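*Asks:* model the structure of this input:
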Amino acid sequence: MVNHNGDAVVCEAEEAIPGLAGWFDGQGWQIQETLRALGELLMNIEPTSQVVSRDVFNAFVETHMGQRVHELVAERRELSGVGRVMVGLALAAVIEEYQPVVSALSAYGDAGTGPRWDTVEAGPDTHHFPAGLAFYSDALVSGAAVVVAIRPPEGQARPATLTIYVRPDDRVRAVELADRILDRAKRDHHIFRGRVLHAEYVMGGVQFEVVERPAVTRADIVAAPELWAELDLNVAAVDRLSGQMRSMGLGVRRGAMLVGPPGVGKSACCAVIAAEMAGRFTVVYVDARVGATALRTVFDECVDIGPSVVIIEDVDLFIGSRKAAYGGMALGDFLAALDSHPAAQLLVLATTNDVTSLDAAAVRAARFDSIIEVPPPGPAAAGLILDRLLQEVPGGEGVDAAAVVAALPMQTTGADLREVVRRAVLAGEGTVDTAGLLAVARGGRFRPVMPAAGSYL
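*Replies:* The predicted structure is shown next:
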């Protein structure tokens with residue numbers, strides 16, 4: 001008979017049956033639960049909360065391993081956002097490889113919950129990977145039974161985990177298996193390596209999305225040769241000269257900040273570097289929230305991925321000077337991230353409209369090694385930009401670009417020139433001429449101007 005606590009007891013009528021308690025303890029969990037429920041029914045006992053709430057995953061582990069979960073050894077590895085995908089893909093390959101000797105079940109939830117699989121898109125490819133399941137096998141490790149479980153993150157409190165359950169005598173084998181799975185994930189299933197990614201902050205950490213590779217080239221940009229030379233110097237440090245820099249103890253990671261007013265082409269220059277390096281390097285665009293709160297996580301991920309370029313647009317949006325009471329935790333986290341992984345093949349490109357608003361500690365050498373000014377174009381450069389903008393515009397071949405440039409105000413940017421052409425095309429019903437462009441240039445409305453202060457109802 002089974003008592004209220006689920007223990008096997010021998011009644012007077014059953015004393016003739018020797019070893020009943022031992023027999024009960026030797027049964028699997030499902031048989032024990034069935035007998036316990038039957039005993040409660042016959043004795044008119046309210047079902048215990050233990051039976052109702054028993055975790056399906058624990059039951060799965062105990063059924064296959066023949067021991068309670070708390071008696072097993074759990075080798076656990078925390079997974080980053082990228083790591084969760086990589087390890088999931090590696091486990092998907094393992095499950096397929098070892099079928100049909102693998103038995104799979106949901107790693108958490110009730111009995112009606114099946115294994116959870118997620119989907120990630122990387123360029124034209126769609127990948128499916130387990131995100132919440134466990135499987136049992138006695139073939140993964142020779143002579144040892146294992147349950148391998150992967151669990152998704154639970155908000156910010158708990159990251160995703162890979163856990164391997166074994167009997168205590170097999171702990172060393174569990175460590176070896178965990179290392180083997182992680183190595184396989186990095187070697188064969190790194191679907192983000194060499195791509196262009198966008199990092200955004202989501203509940204539980206940083207999430208990466210594959211985006212299109214920039215199509216812009218140096219031929220599309222009118223920029224001083226000195227600008228490209230400075231960018232190329234930083235690229236060389238993390239690329240072809242990285243081994244020499246590391247061997248000399250000079251560090252590899254580099255930071256370059258492009259400084260200039262809005263519309264001068266800072267982002268376009270970064271896009272050129274991204275387009276040139278994608279494939280050999282992984283390129284990660286970081287939004288303001290990630291830059292302010294999780295930049296170190298991005299850097300850590302990049303080190304796992306391999307050689308990387310991290311692009312941070314408008315860094316002044318979230319990193320200001322401590323003298324202006326704008327510092328604090330965000331600034332501290334940002335500086336700590338910049339100081340991490342000095343030997344990594346990691347190039348950080350940032351842009352700002354106002355370098356003077358940034359804390360001096362952020363723009364010193366070894367954090368941002370190059371401060372590269374991107375000024376508004378001079379007359380000659382403005383003429384080249386205007387010629388390129390007019391190449392596909394009807395009537396553009398007959399425009400006196402020099403006359404139009406001479407009519408423009410000082411500090412006219414490339415973005416301003418583009419708006420001059422757009423307005424002239426709209427006013428000319430799809431075509432342009434010198435007179436139309438001069439009218440737009442002299443009118444000044446290609447630059448948004450706020451109305452005079454006043455009260456409006």
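*Asks:* for the rest of this, base every contact and every neighbour count on C-alpha atoms.
*Replies:* Noted.
*Asks:* domains of the chain?
*Replies:* 13-53, 69-188, 210-373, 379-443 (automatic domain parsing).
*Asks:* same list (those domains) but as JSON lines, adding mean pLDDT and distance to residue 449.
*Replies:* Output for these, formatted as JSON lines (pLDDT from 0 to 100; distance: least, CA to CA, whole Å):
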{"stretch": "domain 13-53", "mean pLDDT": "60", "distance to residue 449": "66"}
{"stretch": "domain 69-188", "mean pLDDT": "85", "distance to residue 449": "41"}
{"stretch": "domain 210-373", "mean pLDDT": "90", "distance to residue 449": "15"}
{"stretch": "domain 379-443", "mean pLDDT": "94", "distance to residue 449": "12"}
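*Asks:* okay if I get these as a markdown table plus distance to residue 202?
*Replies:* As requested, those are exported to a markdown table (distance: least, CA to CA, whole Å):
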| stretch | distance to residue 202 |
| --- | --- |
| domain 13-53 | 31 |
| domain 69-188 | 9 |
| domain 210-373 | 9 |
| domain 379-443 | 33 |
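*Asks:* out of these, which comes closest to residue 194?
*Replies:* Of all the domains of the chain, domain 210-373 sits nearest to residue 194, with 4.1 Å by CA to CA.
*Asks:* if we can go back for a sec, could the domains of the chain go into a markdown table alongside mean neighbour count?
*Replies:* Formatted as a markdown table, the domains of the chain follow (neighbours: other CA atoms under 10 Å):
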| stretch | mean neighbour count |
| --- | --- |
| domain 13-53 | 13 |
| domain 69-188 | 18 |
| domain 210-373 | 19 |
| domain 379-443 | 17 |
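*Asks:* any idea which of those domains gets closest to residue 197?
*Replies:* Closest among the domains of the chain, once you apply CA to CA, is domain 210-373, at 4.5 Å.
*Asks:* which stretches of this structure form strands?
*Replies:* 73-79, 103-106, 116-122, 125-141, 144-151, 160-166, 196-202, 205-210, 254-259, 282-286, 308-312, 346-352, 370-373 (DSSP state E).
*Asks:* what's stretch 167-184 in contact with?
*Replies:* With contact meaning CA atoms under 8 Å, 6 or more residues apart in numbering, stretch 167-184 is reached by 65, 71-73, 75, 77, 87, 90-91, 141, 144-146, 162-166.
*Asks:* list the contacts of residue 384.
*Replies:* residue 222.
*Asks:* oh sorry, the question was meant for residue 85
*Replies:* 120, 129.
*Asks:* so residue 345 sits against residue 310, correct?
*Replies:* No: using CA atoms under 8 Å, residue 345 is not in contact with residue 310, being 10.9 Å away.
*Asks:* intersection of neighbour lists for the two?
*Replies:* Common neighbours of residue 345 and residue 310 (CA under 8 Å, 6+ apart) do not exist.
*Asks:* ok so, going back, closest to residue 60 out of the domains of the chain?
*Replies:* domain 69-188 (7.4 Å).
*Asks:* what's the span of that closest one, first residue to last?
*Replies:* End-to-end distance for domain 69-188: 32 Å, by CA to CA, to the nearest Å.
*Asks:* how far does it sit from its chain's centre?
*Replies:* Averaging C-alpha positions (CA atoms, centre = their mean, to the nearest Å) puts domain 69-188 20 Å from its chain's average.
*Asks:* what does stretch 432-443 give?
*Replies:* 47 Å.
*Asks:* who touches that stretch?
*Replies:* Contacts of stretch 432-443 (CA under 8 Å, 6+ apart): 393-396, 398-401, 403-404, 407-408, 420-421, 423-425, 427-428, 446.
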